[in-house]
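**Student:** any chance you can model this:
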Amino acid sequence: MVNTVEILLSARDINKNFMVGKNKLAVLKKIDLSINHGELVALMGPSGSGKSTLLNILGGLLKADEGTVEIEDTVYGNQSPVQLNDLRRTKIGWIFQNFNLLEHLSIEDNVAFTLTLSGASISEARKKAKNALERVGLGDRLKFFPQQLSGGQNQRVSIARAISGDRPLLLADEPTGNLDSESGNTIVHLFQELCHDSHNPIALLMVTHDPVLASKADRILLLKNGQLLPTSPLKEGVN
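**Tutor:** Next up is the predicted model:
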């Protein structure tokens, strides 16, 4: 069954320039995009095309020069990152190429620790951490430490950390860049499961250089010379 399309995030007229010496470099030029609830979107483009810059603006880590971003009831884009702490705590989770796990904590405590920083009680944080780790297939390894797990499993921990706060959108910057092809495929399959979960779907925007992994998304966005090129959905709706 095809779900009714409902937009989660929309960005309009996003411009971003950087100064290189005395010259102004236009990195993003009037970017318009939208991401639907439960949609897995791949963002591709050559190095230097502005992919990470766009991701950072959408995630509230970088201020745009012009334009607005809206997710649910929050409008932003021209605020400083310091003003958007609540946005990142409640609406947007991040997954990076490097797992950024604390080696001296169990994977359960790695996830729970992040939740306590957002104000959750210890008991609530442990409950949510356990649920998130079970959702990514690591419910039997709660007391394991990062060094006891494979690279693919550690990336699953970082995904659990991102989804544990019940944020509706995840942004992933080259999430399979440090993994072998088999582990990368497993991670993207997990992304598909999370996005297409009929009970609790998550939207996810993934930057990747790998066309094979990108082809498993619902839609591909192509960024070149600071502009999005016209693209079409890879699938007829989300099953």
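**Student:** which parts of the protein are strands?
**Tutor:** Using DSSP state E, the strands of the chain run over 7-20, 23-36, 40-44, 66-71, 74-76, 92-96, 169-173, 203-207, 219-224, 227-229.
**Student:** tell me which strands the first one pairs with, and in which orientation.
**Tutor:** Next to strand 7-20 in the sheet, as set by DSSP bridges, lie strand 23-36 (antiparallel), strand 66-71 (antiparallel).
**Student:** buried stuff in the first one?
**Tutor:** Counting neighbours by 16 or more other CB atoms under 10 Å, one finds that the buried residues in strand 23-36 are Val27, Leu28, Ile31, Leu33, Ile35, Asn36. Glycine gets a C-beta too; all of them are placed from N, C-alpha and C.
**Student:** next, count neighbours for His104.
**Tutor:** Neighbours of His104 under the rule other CB atoms under 10 Å: 10.
**Student:** ditto for the one 5 residues further on
**Tutor:** Asp109 has 18 neighbouring residues, counting by other CB under 10 Å.
**Student:** ok, it - contacts?
**Tutor:** Contacts for Asp109 (CB atoms under 8 Å, 6 or more residues apart in numbering) come out as Leu102, Ala129.
**Student:** and the most centrally placed residue in the chain, how far from Ile95?
**Tutor:** Nearest residue to the geometric centre of the chain (CA atoms, centre = their mean): Leu171, 1.4 Å. The gap separating Leu171 from Ile95 is 7 Å, by CB to CB, to the nearest Å.
**Student:** repeat that for Phe145.
**Tutor:** When distance is defined by CB to CB, Phe145 is 20 Å away from Ile95.
**Student:** now do Ser47
**Tutor:** Relative to Ile95, and taking CB to CB, Ser47 is found at 20 Å.
**Student:** so the two - more neighbours on which side?
**Tutor:** Taking other CB under 10 Å, Ser47 and Ile95 do not tie; Ile95 has more neighbours (23 against 7).
**Student:** wait, what's in contact with that one?
**Tutor:** With contacts defined as CB under 8 Å, 6+ apart, the neighbours of Ile95 are Gln155, Ser158, Ile159, Ala162, Leu170, Leu171, Ala172, Asp173, Pro175.
**Student:** drop anything exposed from those residues.
**Tutor:** Looks like those have Gln155, Ser158, Ile159, Ala162, Leu170, Leu171, Ala172, Asp173, Pro175 buried, using 16+ other CB under 10 Å.
**Student:** identify the farthest-apart pair in those.
**Tutor:** With CB to CB as the measure, no two of the buried ones among the contacts of Ile95 lie farther apart than Gln155 and Leu171, at 14.6 Å.
**Student:** I figured Asn100 hits Asn154, correct?
**Tutor:** No. Taking contacts as CB atoms under 8 Å, Asn100 lies outside contact range of Asn154: 9.7 Å.
**Student:** mind checking which of those two has more residues around it?
**Tutor:** Remark: of Asn100 and Asn154, Asn154 carries more neighbours, 23 against 12, as counted by other CB under 10 Å.
**Student:** got a list of what the nearest residue to the more buried one once chain neighbours are set aside touches?
**Tutor:** Counting by CB to CB, 6 or more residues apart in numbering, Phe99 is the residue found nearest to Asn154 once chain neighbours are left out, at 4.5 Å. Contact analysis of Phe99 by CB under 8 Å, 6+ apart lists Pro146, Gly151, Asn154, Gln155, Val157, Ser158, Asn178.
**Student:** shouldn't the first one be in contact with His104?
**Tutor:** No. Taking contacts as CB under 8 Å, Pro146 lies outside contact range of His104: 9.2 Å.
**Student:** so the closest residue in space to Asn15 that isn't next to it in sequence versus Pro81, what's the distance?
**Tutor:** The shortest distance from Asn15 to any non-neighbouring residue, by CB to CB, 6+ apart, is to Glu66 (4.2 Å). Using CB to CB, we find Glu66 at a distance of 17 Å from Pro81.
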